[in-house]
Structure formats: C-alpha cells, structure tokens
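**Student:** Give the three-dimensional model of this entry:
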Amino acid sequence: MVIHRSALKDAPAAWRGTDFATPRSWVLTLTDAMREEIIAAFRRSGTTDPSALVPKTFPLPRTRPLLDNARHALEHGAGFAVLAGFPVDALDAEEIRLAYAGVCAHLGQMVVQNGRGERMVDVIDKGRDYSHASRGYEGHARLPFHTDGTKGETLPVHYAALLCRETAASGGLSALASGVTLYATLQQRHPELVPVLQRGFHHHRQGDHGENEPPISRERIPVFSFHDGYLRVRYNRNNAEWSQHAGVVIEDEERRALEAADAILDEPGFALSMGLEPGDLQIINNFTVLHARTEYDDAPERKRHLLRLWISNPSSPRAGTDLIERFSSPESRFAD
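**Tutor:** Coordinates of the predicted model:
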C-alpha cells in the first residue's frame, strides 16, 4: 500500500533542514524556576533507582507546560524537541541520572536498551568498533542515519532522548532528518522501490542476544509502515546489511532501495545539523525522525558524554507492538 504524502496524518512532520534557517530556533529553554523545581523534585524523590521515578513521585507543575509543548512537537509537530538548560552544572553524576529519568518519566516509560538490562546508557567512547558485533554508542565512529531499537526490547521505542553532559573536542555533531519527507521523496522519485522498503529487512542484533537466540530478527522489519494512517519509519541500513553475516541475502533491488534512501538523506539541506551543548536534552520521535552523528575526537582531559533513554508512550498514536512481534519471540527479548 502506497499512501500519498497529502493523505498522511503526519504533514507537520514533513520538513527539510533548510526550513530551520535560524540556529537553535527549535530550542525550548528551561527557566531558572524550572531548573530549581527539577532539582527540588530530585531531592524529595528519596530513591536511587531511576526506573522507580514516575510523575507522581517526581512532580513538576512549573515545568509540565514546557514538557507538554515538547510532547506536542514530538507527536503533532516536527517530531523533535530540544530542552536547553537542564541543571547538569548543579548536580553530580548520579544526581543527573536520577533527575533526567524523573523529567523523562513525564513523557512515558523507560525501555530496556540492551541485554544487560540497562534502561539508561552512557553514550561515550569506550574504544569499541561500530560493527555487527558491537553497538555504535560505545565508540566514536560516524553513525549514519537510522532509527533506534529492534534489538530485543519489550516495548515500542516511541522517543529517543539524549542528555548532553560534555561535548567532544571536535566532531560529534547530531543530525536529524524527517522520515515523512524521506517517504514522500521516495514516492516521487522512486515509486517502484517504495514497496521494497515497505517489505523491509531482517535486522542484525549486533551480538546483543543470548547464546541460543537468533542473531537477527525472526521476520522482516518494514522501513515504512502505517498505523491508523500514521507513518512509522524503522530504518537502519547497517543492521539490514549485517544480516548477511547470518546468511540473509540482500537482493539487487533491495540494495538499490537502500542506496536511494541514503542518497536522499545525504542531500545538502535535507537534514538538520545541530551541536548539542552541555545541558541540552534532545528528544526525537523515533517513528518519524531519523538521526545520525558525525565522527568525533575527545580531548585528553575531556570526553564527549551523553546519556540516552528510550521512552515508550502508551498514548502515542503510532503504537508499535506489532513491530516488536515481528522482531522476536518473547523469550528472546531483553529482560525487563
């Protein structure tokens, strides 16, 4: 089924990077009162477990309107939001993690991200290569455009959040691209390849699976699918091609479809590039926005450091449970 762009319910999420002419015009800034409220909520929470924080135990009445604006942008706007001014300068490392989890609890539930059961991961260079045997957030290599998830999580990853604690000495820029515009452009230029992408690809788990579990998804994960008229994008070319290590064959037509998608994503002006600053909290709709990262280098005395959360919002109109069923059987998913 091919749906014309004008029929999509995601029209506000159809944009190009050139639509944002003013740098950081997309930023929502936390006021001093909001920062103080976040710190106070952390102090009162009385827990050292980030996953235990929920809106009831982490109330943010002053900050809630800003978070509501962010949620609206995620679901009914461009599909991303950046909150600036998170109090990373007023809290220690563990306090930052708890306060971050408490704020994001107002957007949904934290999702386990790997076989180690981690709900929050450190995006920092641990010297690991980006390959079919390791995850990209533990190295400094360039990460091409992709969406997150489909490794074995138990809940749909509606939002992917990154809190910047420290920047790199050079590189490490974030880039976002509209999956809605990608879909519409492919419809216009390569309509014959859209059904190929809707059929999708097996995804490689990059070694994050049990000894007796398959290294790839049990079914194809569609790049483009729809739920109640809403577009859902699940794109990761590397994961698709790495499935060949498990015997999957990528046909010529499938490779042309991947190349066509990447060519559009790499066009000048298609994506929005942004440098995250300490205290910036970037949140993207993982079903409408693809993201990428440039290669980076750390200084001897300073390492680029971000904290990543995956968030599931049960009230999201895009659902996503069926995609999890395509990926794996319940016994081969991450422990929750």
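**Student:** going forward, measure contacts between C-alpha atoms and count neighbours the same way
**Tutor:** Fine.
**Student:** Just the pLDDT for D10.
**Tutor:** Turning to D10, the model gives it a pLDDT of 80.
**Student:** Please read the previous query as pertaining to H4.
**Tutor:** So H4 comes in at 46 (pLDDT).
**Student:** Next: T57.
**Tutor:** Looking at T57, its pLDDT is 93.
**Student:** I'd assumed R43 was in contact with it.
**Tutor:** No - using Cα atoms under 8 Å, T57 is not in contact with R43, being 11.0 Å away.
**Student:** which residues touch V223?
**Tutor:** By Cα atoms under 8 Å, 6 or more residues apart in numbering, V223 lies in contact with 197-201, 232-235.
**Student:** Would you map the helices across the stretch 151-300 of the chain?
**Tutor:** 179-189, 194-199, 237-242, 252-265 (DSSP state H, counting those that start in this stretch).
**Student:** roughly how far is the helix-or-strand element of the chain with minimal mean pLDDT from the heart of the chain?
**Tutor:** When each helix and strand of the chain is scored by mean pLDDT, DSSP states H and E, helix 321-327 comes last, with a mean of 85. Counting by Cα atoms, centre = their mean, to the nearest Å, helix 321-327 is centred 17 Å from the centre of its parent chain.
**Student:** what comes up buried for it?
**Tutor:** Going by neighbour count (16 or more other Cα atoms under 10 Å), the buried part of helix 321-327 is 323-327.
**Student:** Any regions of this protein where pLDDT drops low?
**Tutor:** The chain contains residues with pLDDT under 70 at 1-8, 129-136, 209-210, 336.
**Student:** mind checking how far the closest residue to V196 other than its chain neighbours is from R326?
**Tutor:** Spatial nearest neighbour of V196, chain neighbours left out: E254 (6.4 Å); criterion: Cα to Cα, 6 or more residues apart in numbering. Plainly put, E254 is 19 Å away from R326 if you go by Cα to Cα, to the nearest Å.
**Student:** And for I311?
**Tutor:** For I311 relative to R326 (Cα to Cα), the value is 20 Å.
**Student:** One more: N236?
**Tutor:** The value you get for N236 to R326, if Cα to Cα is used, is 16 Å.
**Student:** Ends of stretch 20-38, what's the gap?
**Tutor:** 29 Å.
**Student:** what's next to that stretch, contact-wise?
**Tutor:** Here stretch 20-38 has contacts from 60, 62-63, 66, 70, 81-87, 99, 103, 272, 274, using Cα under 8 Å, 6+ apart.
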